[in-house]
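>>> Test case, fold it:
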Amino acid sequence: MTVVDASAIMELLVDRGKGKAVESRIRGHRIYAPHLLNIEVLSVLRGLLQKKEITLAEAETARNDFSSLLIELRAHTPLLKRTWELRHNYSAYDAAYIATAEVLETRVLTTDARMSRGTGARCPIELVS
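Residues are numbered from 1 along each chain as shown. Okay, the predicted model is just below:
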């Protein structure tokens with residue numbers, strides 16, 4: 001069981017050099033994330049498209065590939081208190097992934113070095129670098 005954040009999912013969808021490493025670390029695991037993952041993925045795709053780092057066709061392919069991933073999305077509303085408690089060391093987005101992993105008693109997989117350096121999480125944060 002693993003909680004994946006948007007940075008790890010984006011590597012699967014638009015490989016920037018870490019996609020295979022992410023894939024190998026989640027292979028055979030049940031994958032979880034808070035519902036906000038949907039919006040974060042679309043936001044990142046939009047940004048890449050606006051910066052012309054990907055084409056519209058690539059963005060559409062990534063969006064379609066995302067919808068086919070087997071990720072169990074969890075409500076983040078029950079985790080708002082814990083998410084707020086983590087505010088000094090993590091963004092609200094990162095804290096939602098951490099709170100989800102804490103409840104599930106598992107790790108967070110990320111490619112975000114800043115997130116991996118934070119303190120106060122009660123779960124492992126595994127950086128794919």
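>>> So which bits of stretch 34-53 are buried?
Neighbour counts over stretch 34-53 (16 or more other Cβ atoms under 10 Å) mark 34, 36, 37, 40, 41, 44, 45, 48, 49 as buried. In this view, the C-beta of every residue, glycine as well, is placed from N, C-alpha and C.
>>> Am I right that the fifth one is in contact with residue 6?
Yes. Taking contact to mean Cβ atoms under 8 Å, the distance of 5.8 Å between residue 41 and residue 6 places them in contact.
>>> Break down the chain into its strands, ranges please.
Assigned strands in the chain, in chain order: 2-4, 31-34, 71-74, 107-110, 125-127 (criterion: DSSP state E).
>>> Among the buried residues of stretch 34-53, which ones are in helices?
Mapping the buried residues of stretch 34-53 onto helices (DSSP state H) picks out 36, 37, 40, 41, 44, 45, 48, 49.
>>> With distance to residue 115 added, can I get those in CSV?
Formatted as CSV, these follow (distance: Cβ to Cβ, whole Å):
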residue, distance to residue 115
36, 14
37, 14
40, 13
41, 16
44, 15
45, 20
48, 20
49, 24
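>>> Out of these, which is nearest to residue 77?
residue 36 (10.6 Å; Cβ to Cβ).
>>> Relative to residue 118, how far out is the closest one?
Noted for residue 36: a distance of 17 Å to residue 118, by Cβ to Cβ, to the nearest Å.
>>> circling back to that earlier point, check the buried residues of stretch 34-53 against residue 67 and report the nearest one.
Using Cβ to Cβ, the buried residues of stretch 34-53 come closest to residue 67 at residue 41, 9.7 Å.
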